[in-house]
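Enquirer: starting from these lines, generate the structure:
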Amino acid sequence: MARSGRNRSWLKRYLPKSLFGRALLIIMLPIALMQIIVAYIFFDAHWQTVTASLSNSVAADISVAVKLYEQEPGPDRSARLDDMLRPNMQLSVALDANKNLPSSTRNAFFSSLDKTLRRALMTNLTNEFWFDTTRYPNHIDIRVKVQEGVLRFIVPRERVFAPTGFIFLFWLVMATVLLSLVSILFILNQARPIVKLARATEDFGKGRSIGKFKPSGATEVRQAGRAFLQMRDRILRHIQQRTAFLAGVSHDLRTPLTRLKLHLALSDDPDTKAAQKDVQDMETMLDGYLDFARGISQDEVKPTDMSELLRKLVKDDEAPQPKLVTETDLVIRVRPMDMKRALSNLINNARSYGSQVEINAQKQDRRLIISIDDDGPGISEAKRGEAIKPFVRLDESRNQNVKGVGLGLSIASDIIQAHGGQLTLDDSPLGGLRCKVSLPI
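Expert: Below you'll find the model as predicted:
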């Protein structure tokens, strides 16, 4: 079982990860196996058999020519054999007197051809021989040792090897290439709607417009596209209802609070200071509710220099200003006002709880990392997940005597997630809390 699991893991590691690659493998692997099997059967059962028959025929003709020559050896005999065999058997014969067989050999690309011919010559000849299938493109040079020197035979290649084999291989390869191109075009056409759906889903997840996305492709892909659009409509409707509800409640409460605030301001009673503070706290809460209700704006996504945006936030901040360390050319596509709002919330949160704030921005592995550190009391690891949730205020020293309704981190997290990023909380080197923003570049 363990070995089987390791084999599956090894197989998964080398399998294509994309839908296009896997579909191409599913189609092309059977085609390749079929072509290999057909080629093997053709070469083993047909081409090798035909080639062996042709080689034996030529070897037999050469054997007869050698025996006829040995009956009356000499240049005249070889010349008469050439005159007799060349027209009828396409076999050229010449005597190289007082010469020996070459010692070097050159193997053909298809070594099986040389093996087949060598086998045929060894079967039919008793004399030493040498041959070369590579010197001439259309002929084969075969030499046989005789007492007077070397008998040289020049034979047309088609008399020795079946010429249809290479034609068959050519059409086999061409058919494979043609099937591959058709398969690639078909798979690309099927994968394109899935890629469009994935991009639309990613854009919606990052708070961007999905443009004129329309479900297309196979039935299952169209069904997935329609389900995505229905889900998108439900989410947008939910967001709009939430926004309308919170905005309505906040607006309805603001009018009586304004009258109450005016009444307390005109009163000369010194005991109204506590009531005025309560009214001020309630206004702060309402502002937080309205910020939360606004959610993500409909501003246009555009390239924004985050280093410049951070410099403006620090410059506009009250003294003592946070320490900023940033790289140059940190341009990414965001909604500038929303991102400014999220980073401002994080910086204000750090200033509220610490006396020292440091901001660092840099690129890491195709992502923009912004770290905001403070030297405040921090948040325990067990409660960091709760701190990002809306309307949560932790009952620890980090929240004592600090105004707010627990929406700052939640609003910042929502905006960052809408841009395809992530907000995480960690321990700061300064001793307090580190807010780490990770955004795709």
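Enquirer: under the pLDDT cut-off, which ranges of this protein? List them.
Expert: Low-confidence segments of the chain (pLDDT under 70): 1-11, 42-46, 106-112, 163-166, 206-207, 268, 270-271, 285, 288-299, 391-406.
Enquirer: quick one, helices of it?
Expert: 2-14, 19-41, 48-71, 75-89, 111-124, 164-205, 219-266, 273-294, 306-316, 336-353, 384-387, 408-418 (DSSP state H).
Enquirer: contacts for the third one, please.
Expert: For helix 48-71, the external contacting residues (Cβ atoms under 8 Å, 6 or more residues apart in numbering) are 77-78, 81, 85, 89, 91, 93, 95, 112-113, 116-117, 119-121, 123-125, 127, 142, 144, 146-147, 151, 153, 155, 159-162, 165. Just so you know, the C-beta spots here come from the backbone N, C-alpha and C atoms, and that holds for glycine as well.
Enquirer: circling back: include distance to L101 when you put the helices of the chain into JSON lines, please.
Expert: Listed next are the helices of the chain as JSON lines, based on distance: least, Cβ to Cβ, whole Å:
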{"stretch": "helix 2-14", "distance to L101": "51"}
{"stretch": "helix 19-41", "distance to L101": "35"}
{"stretch": "helix 48-71", "distance to L101": "14"}
{"stretch": "helix 75-89", "distance to L101": "16"}
{"stretch": "helix 111-124", "distance to L101": "13"}
{"stretch": "helix 164-205", "distance to L101": "29"}
{"stretch": "helix 219-266", "distance to L101": "70"}
{"stretch": "helix 273-294", "distance to L101": "97"}
{"stretch": "helix 306-316", "distance to L101": "81"}
{"stretch": "helix 336-353", "distance to L101": "86"}
{"stretch": "helix 384-387", "distance to L101": "88"}
{"stretch": "helix 408-418", "distance to L101": "83"}
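Enquirer: of those, which is nearest D427?
Expert: For D427, the closest of these is helix 384-387, at 9.8 Å, according to Cβ to Cβ.
Enquirer: and that closest one, what's buried?
Expert: R384, A387 (16 or more other Cβ atoms under 10 Å).
Enquirer: which neighbouring elements make contact with that helix?
Expert: Helices and strands touching helix 384-387, by 3 or more Cβ pairs under 8 Å, 6 or more residues apart in numbering; DSSP states H and E, are strand 422-427.
Enquirer: ok, now which ones touch the residue lying closest to Q422 once chain neighbours are set aside?
Expert: Among residues not flanking Q422 along the chain, S438 sits closest, at 4.9 Å (Cβ to Cβ, 6 or more residues apart in numbering). Counting by Cβ under 8 Å, 6+ apart, S438 touches R367, L368, I369, G421, Q422, L423, T424.
Enquirer: who does the third one form a beta bridge with?
Expert: I369 has the following beta-bridge partners by DSSP bridges: Q362, S438.
Enquirer: and it, how many residues sit next to it?
Expert: Using other Cβ atoms under 10 Å, I369 has 16 neighbouring residues.
Enquirer: likewise for the first one?
Expert: R367 has 16 neighbours, counted by other Cβ under 10 Å.
Enquirer: got it, and the second one?
Expert: Burial of L368, expressed as a neighbour count using other Cβ under 10 Å, amounts to 21.
Enquirer: of all the contacts of S438, which two lie farthest apart?
Expert: Spatial extent of the contacts of S438 (Cβ to Cβ) is set by the pair L368 and T424 at 14.1 Å.
Enquirer: hang on, R22 packs against K12?
Expert: No. R22 lies out of contact with K12 (Cβ atoms under 8 Å); the separation is 11.3 Å.
Enquirer: and the two? Which one has more around it.
Expert: Neighbours per residue, other Cβ under 10 Å: of R22 and K12, the larger number sits with R22, 13 against 9.
Enquirer: next, count neighbours for the residue nearest to that one when sequence neighbours are not counted.
Expert: The shortest distance from R22 to any non-neighbouring residue, by Cβ to Cβ, 6+ apart, is to P16 (5.1 Å). Residues lying near P16 (other Cβ under 10 Å) number 12.
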